[in-house]
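1. model the structure of this input:
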Amino acid sequence: MNFKKELAAILHELLNQEIPESQLEILIEKPKNAEHGDLAFPCFSLAKLKRKSPNVIAQELKLQIQSETFEKVEVVGGYINIFLNKKLVSEKLINKVIAEKGQFADLDFGKGGTITIDMSSPNIAKPFSMGHLRSTVIGNALALITEKCGYKPFKINHLGDWGTQFGKLITAYKLWGDAKKVKQNPIKELLALYIKFHEEAEKDPALEDQGRSWFKELENGNEEALTLWQWFRDESLKEFSRIYELMNVGFDSFAGEAFYNDKMERIVNLLEQKQLLVESDQALVVDLSEEQLPPCLIKKSDGATLYATRDLAAALYRKENYHFDQSLYVVGHEQSLHFKQLIEVLKKMGYEWAEKMVHVPFGMMLKDGKKMSTRKGKVVLLEEVLNESIAMAKHNIEEKNPNLLNKDQVAKKVGVGAVIFHDLKNNRMNDIEFSLEEMLRFEGETGPYVQYTFARACSILRKADYKADALPLSLTNTWEKEWKTASLLLDFAPAIKRACENHDPSLVAKYIIDLAQAFNKYYAEVKILEENENLTARLALVYSVTVVLQEGLRLLGIEAPEEM
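-> Have a look, this model is predicted:
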């Protein structure tokens with residue numbers, strides 16, 4: 001069903017095989033205006049080769065292009081515009097969707113290779129805030145999209161369960177903590193202690209030294225420090241698990257920063273052996289001046305290790321244990337320098353696979369135009385947002401469809417889906433202004449809009465008692481009104497491929513919005529259930545739309561209820 005490839009092969013022959021097919025295929029575009037056809041080939045790059053104007057080349061090629069797949073060929077200003085055979089292409093396409101169902105648009109360029117995805121990674125002893133939503137849902141969608149493309153994703157929740165912040169928290173707990181209060185409401189109390197530490201440290205900077213000292217005790221295996229740390233971690237994981245379950249997000253590993261404590265000395269030794277460590281202000285660093293980067297700090301002057309040391313240990317562990325083809329780090333763009341340094345240090349160590357490590361940055365979740373900060377207590381809790389969204393979805397159902405069965409289940413799918421889709425429809429590099437009202441709108445470019453379109457299409461199929469089978473479909477009409485919706489089905493696989501290659505789920509989200517809008521327009525213009533010779537074909541198109549919308553939502557980690 002790759003008509004770009006077909007056109008490229010025809011042009012390759014017509015141009016006496018002077019330009020590779022793959023190069024021609026890259027040049028073929030999809031016109032923004034449907035009136036200009038379904039495919040367009042610009043002839044400007046051929047002008048030098050053929051020593052003719054692009055328009056003349058286009059006119060000459062137009063007369064030679066022959067294929068039953070192409071209904072019409074036109075030339076406009078140096079472009080060859082191709083109109084696909086609506087009837088033939090629609091038949092092939094819909095029969096393919098009916099036969100393959102959820103496997104439609106499966107791709108195999110991943111060839112079974114493993115992709116590790118470092119994602120979510122909340123800090124323990126802190127609430128799961130909206131700030132962690134982006135890494136979680138982008139990472140989860142990328143796992144589903146890469147799997148669709150033939151990879152084996154391995155999702156790692158690299159928990160923030162180590163570092164100076166735990167020295168600060170232990171200090172705060174010992175100074176102001178109440179064991180009974182912490183046991184009753186662990187995360188809330190621990191957050192309050194963490195905020196208090198920073199407020200008091202502004203008045204008394206010596207507290208920062210105490211925090212660093214307790215973290216050093218933790219690294220040295222101090223029993224009291226370790227017991228408190230383990231307690232904080234266990235309570236946090238209970239809370240996180242509840243939220244992940246609500247979002248239907250799972251992981252293959254919860255190995256956080258602490259997991260690499262006994263693996264860091266090896267990194268320091270390897271760096272020493274390779275003569276990459278230099279002393280700077282009594283700390284040990286890797287000089288990256290040749291790479292035009294600041295030095296990468298490996299060990300502080302007090303001997304404590306840092307993020308970089310742990311991430312180097314983690315990268316080596318993942319390569320040796322998971323043999324990844326690619327290693328993705330779904331982490332905010334403010335960490336870009338850290339990952340540049342990390343990759344360059346690994347290259348200096350002689351690891352060619354460092355080229356396969358990719359930082360997948362994303363913009364911030366803002367509140368009133370400012371970054372949310374746990375330290376200053378400016379935090380919006382993700383669980384509260386999800387629960388409020390579910391409650392609002394339930395309220396809408398009660399108003400519009402009070403007799404709906406499984407109201408609670410549908411409200412959960414719609415409410416959680418609204419929050420996830422609001423994030424994923426945005427290009428990942430854009431900052432997102434947190435707005436519950438915007439997130440929970442049930443019209444426009446939202447998750448509930450796509451879900452409702454799917455449910456509406458399912459309703460049509462139920463009314464017609466339509467049963468999808470793999471029998472070849474034959475169209476009897478010109479398929480003009482259906483073409484916009486049918487032709488969009490062609491774009492599903494390319495959208496998935498681009499989303500995988502660009503590590504950007506918004507390309508799938510934008511695609512399913514386009515498909516939902518085209519279908520709703522079609523639904524408004526055509527009496528789909530009208531009894532005539534085209535009824536079966538129209539229902540087959542409706543069924544194809546349900547298959548693609550459901551699969552598109554699934555790739556974003558969103559469920560599609562058949563009734564709403």
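
2. give the closest residue to residue 521 in space, chain neighbours not counted.
-> Among residues not flanking residue 521 along the chain, residue 484 sits closest, at 7.3 Å (C-beta to C-beta, 6 or more residues apart in numbering). The way it works is simple: take the backbone N, C-alpha and C, and place the C-beta from them, glycine included.

3. quick one, what contacts the one you found?
-> 34, 518, 521-522 (C-beta atoms under 8 Å, 6 or more residues apart in numbering).

4. and the longest helix along the chain, what's buried?
-> Criterion DSSP state H: the longest helix present in the chain is helix 223-247. Going by neighbour count (16 or more other C-beta atoms under 10 Å), the buried part of helix 223-247 is 225, 228-229, 231-233, 235-237, 239-240, 243-244, 246-247.

5. and for stretch 308-326?
-> Buried, per 16+ other C-beta under 10 Å, within stretch 308-326: 308-316, 318-319, 322, 324-326.

6. in this structure residue 165 contacts residue 194, no?
-> Yes. Residue 165 lies in contact with residue 194 (C-beta atoms under 8 Å); the separation is 7.4 Å.

7. from the buried residues of stretch 308-326, which two are the most distant?
-> Using C-beta to C-beta, the two most remote members of the buried residues of stretch 308-326 are 309 and 325, lying 25.2 Å apart.

8. mind checking which of the buried residues of stretch 308-326 land in strands?
-> residue 326 (DSSP state E).

9. mind checking the SS state of the residue lying closest to residue 168 once chain neighbours are set aside?
-> Nearest residue to residue 168 in three dimensions, chain neighbours excluded: residue 211, at 3.7 Å (C-beta to C-beta, 6+ apart). Classification of residue 211 by DSSP: H, G, I helix; E, B strand; the rest coil places it in helix.

10. tell me the contacts of residue 211?
-> 164, 167-168, 170-171, 197, 201.

11. now the helix or strand residue 271 falls within: how far from the chain's centre is it?
-> Secondary-structure assignment from DSSP states H and E places residue 271 in helix 264-273. Remark: helix 264-273 is offset 34 Å from the chain centroid, using C-alpha atoms, centre = their mean, to the nearest Å.

12. going on from that helix, what's the next piece of helix or strand?
-> Using DSSP H and E, the first helix or strand after helix 264-273 is strand 277-280.

13. give me the three-state assignment for the residue nearest to residue 429 when sequence neighbours are not counted.
-> Using C-beta to C-beta, 6+ apart and skipping the chain neighbours, the partner closest in space to residue 429 is residue 363 (5.5 Å). Judged by three-state DSSP, the three-state class of residue 363 is coil.

14. so residue 529 touches residue 464, yeah?
-> Yes. The criterion here is C-beta under 8 Å, and residue 529 meets it with residue 464 at 5.9 Å.

15. between these two, what contacts are shared?
-> With C-beta under 8 Å, 6+ apart as the test, residue 529 and residue 464 both reach residue 535.

16. so between the two, which is more surrounded?
-> Neighbour tally, residue 529 and residue 464, criterion other C-beta atoms under 10 Å: the higher count belongs to residue 464, 17 against 12.

17. grab the nearest non-local neighbour of that one.
-> Counting by C-beta to C-beta, 6+ apart, the residue nearest residue 464 is residue 539, at 5.5 Å.

18. now for the one you found, how many residues are close by?
-> Residue 539, neighbours per other C-beta under 10 Å, totals 22.

19. same deal with residue 62?
-> Applying other C-beta under 10 Å, I find that residue 62 has 15 neighbouring residues.

20. thanks a lot, catch you later.
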